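Asker: Next one to model:
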Amino acid sequence: MAELLDFKCPSCGGAINFDSQAQRMKCPYCGTEFDMDTVIQYEEALKTEPERDNFDWDLKADANWQTDEVNNVAVYVCQSCGGQIVGDYTTSATSCPYCDNPVVIAGNVSGDLRPDYIIPFKLTKEQAKQGLRDLVQGKRLLPKLFKDENRIDQIRGMYVPFWLFDTDVNGNFRYKATRTNTWSDRNYIYTKTSYYSILRSGQLAFNSVPVDASSKLADDLMESIEPYYVQDLVNFNAGYLAGYLADRYDVPAEECTGRANQRVRQSTEKKFASTVQGYQTVTPENSSVQLSKGKARYVLYPVWILNTTWDDKQYTFAMNGQTGRFIGDLPLDKKAYWRWFGLLALVFFIVSYAAAWLVHLLL
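Answerer: From the prediction side, this is the model:
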């Protein structure tokens, strides 16, 4: 069974979480705050203490799990209350369903699965709630259920795995461009079109191009809450996961290179095209983008996520846990839509009728 990590308060022994506002570990029971180094030293000291009594019970029960269920489900034991915690094989951090004790699953954040860096949460759950309120503010066609406070309470903080790609780019582009001049005399209007072949070549360096490393979350949703500011990256420590959900990557870096290449190419094309100015038309004719010295780093980014269902359709909202950027598609209240449509149609009819009647009187 995998090892679980939970972080205890040196003062009262309660489970402590990472506080995004204080940027320190904080005990929710006694209110004591600790910097990360203090917590690490305390946890190391606990490991040297002798083990408590261990009674080995050899009790076996019938196992009726199907093979596919066993392959995708992992069971852990909470170190605070002894309750079972059930997750899937990618879960890195969660909480006990019985005592709500935050735990980190050591096997999913060690060895090759250990992230290189992490951006700790900067924004709180309350700020995430406000982000959703701001998103729905003034939306007259939004179903009332989405405006209720109980929907907001389903927001959870989660660390999402990303690969950050660095690469050098050598680009060569050829464009066809035109300039048009027009003049006239007494008899004719003249138009002169000049054609140009424009060559551009150069080198670019890309750092920290992000690609979502989780198959559970849509790439376009994660990209829509960018950017993340990499200057806030810190060396990974499991303590930052305490109190949040976290998944380890299930899409290897090799499988993410296609998306990284696409993002690099799009940015390269846009950068080179921006250097061709002063023409009426510009058409790309040929391009070559060569990548070299590519490498990837494994990081965790903070995201507040809300999943909810309306009219048998699932809606996912996400907020950048560093910057507060909030994204999500809102459902449409069809009854409200047709009421507003009917009202606008009526207003349009009245205005049109009044205009027609006014024209008739004037004639």
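Asker: Do a quick rundown of the strands in the stretch 201-350 of the chain.
Answerer: Secondary structure of the stretch 201-350 of the chain (DSSP state E, counting those that start in this stretch): strands at 234-235, 245-247, 281-310, 313-320, 326-327.
Asker: Of the ones you listed, flag the one that's most buried.
Answerer: Ranked by average neighbour count under the criterion mean count of other C-beta atoms under 10 Å, the strands of the stretch 201-350 of the chain are headed by strand 245-247 at a mean of 23. The C-beta positions use only the backbone N, C-alpha and C, and glycine is treated the same way.
Asker: For that strand, name the packing helices and strands.
Answerer: Counting contacts by 3 or more C-beta pairs under 8 Å, 6 or more residues apart in numbering; DSSP states H and E, strand 245-247 packs against strand 91-95, strand 156-184.
Asker: rerun that using 10 Å as the cut-off
Answerer: Judged by 3 or more C-beta pairs under 10 Å, 6 or more residues apart in numbering; DSSP states H and E, strand 245-247 is in contact with strand 84-88, strand 91-95, strand 102-105, strand 156-184, strand 281-310.
Asker: out of the ones you listed, nearest to Met25?
Answerer: strand 102-105 (10.9 Å; C-beta to C-beta).
Asker: Show me how this protein divides into domains.
Answerer: 4-114, 130-332, 333-363 (automatic domain parsing).
Asker: picking up where we left off before, tell me which of the strands of the stretch 201-350 of the chain sits nearest to Leu199.
Answerer: Nearest to Leu199 among the strands of the stretch 201-350 of the chain is strand 281-310 (9.6 Å), distances taken as C-beta to C-beta.
Asker: quick one: average confidence on the closest one?
Answerer: Average pLDDT, strand 281-310: 88.
Asker: strand partners of it, parallel vs antiparallel please.
Answerer: strand 117-118 (parallel), strand 156-184 (antiparallel), strand 313-320 (antiparallel) (DSSP bridges).
Asker: could you pull out the helices for the stretch 101-250 of the chain?
Answerer: Assigned by DSSP state H, counting those that start in this stretch, the stretch 101-250 of the chain shows helices spanning 125-136, 149-152, 219-224.
Asker: Can you tell me which of those has the worst average pLDDT?
Answerer: Within the helices of the stretch 101-250 of the chain, confidence is poorest for helix 149-152, with a mean of 52 (mean pLDDT).
Asker: Could you point out which residue ranges in the protein have low pLDDT?
Answerer: Per-residue confidence for the chain (pLDDT under 70) gives these ranges: 1-6, 12-13, 42-43, 45-112, 138-154, 310-311, 330-349, 351, 353-363.
Asker: quick revisit: a markdown table for the helices of the stretch 101-250 of the chain, including mean neighbour count and distance to Glu255?
Answerer: Converted to a markdown table, the helices of the stretch 101-250 of the chain look like this (neighbours: other C-beta atoms under 10 Å; distance: least, C-beta to C-beta, whole Å):
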| stretch | mean neighbour count | distance to Glu255 |
| --- | --- | --- |
| helix 125-136 | 17 | 30 |
| helix 149-152 | 12 | 35 |
| helix 219-224 | 15 | 12 |
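Asker: can I assume Gln280 is in contact with Arg179?
Answerer: Yes - with contact defined as C-beta atoms under 10 Å, Gln280 reaches Arg179; the gap is 5.8 Å.
Asker: tell me, what's touching the two both at once?
Answerer: Thr193, Ser194 (C-beta atoms under 10 Å, 6 or more residues apart in numbering).
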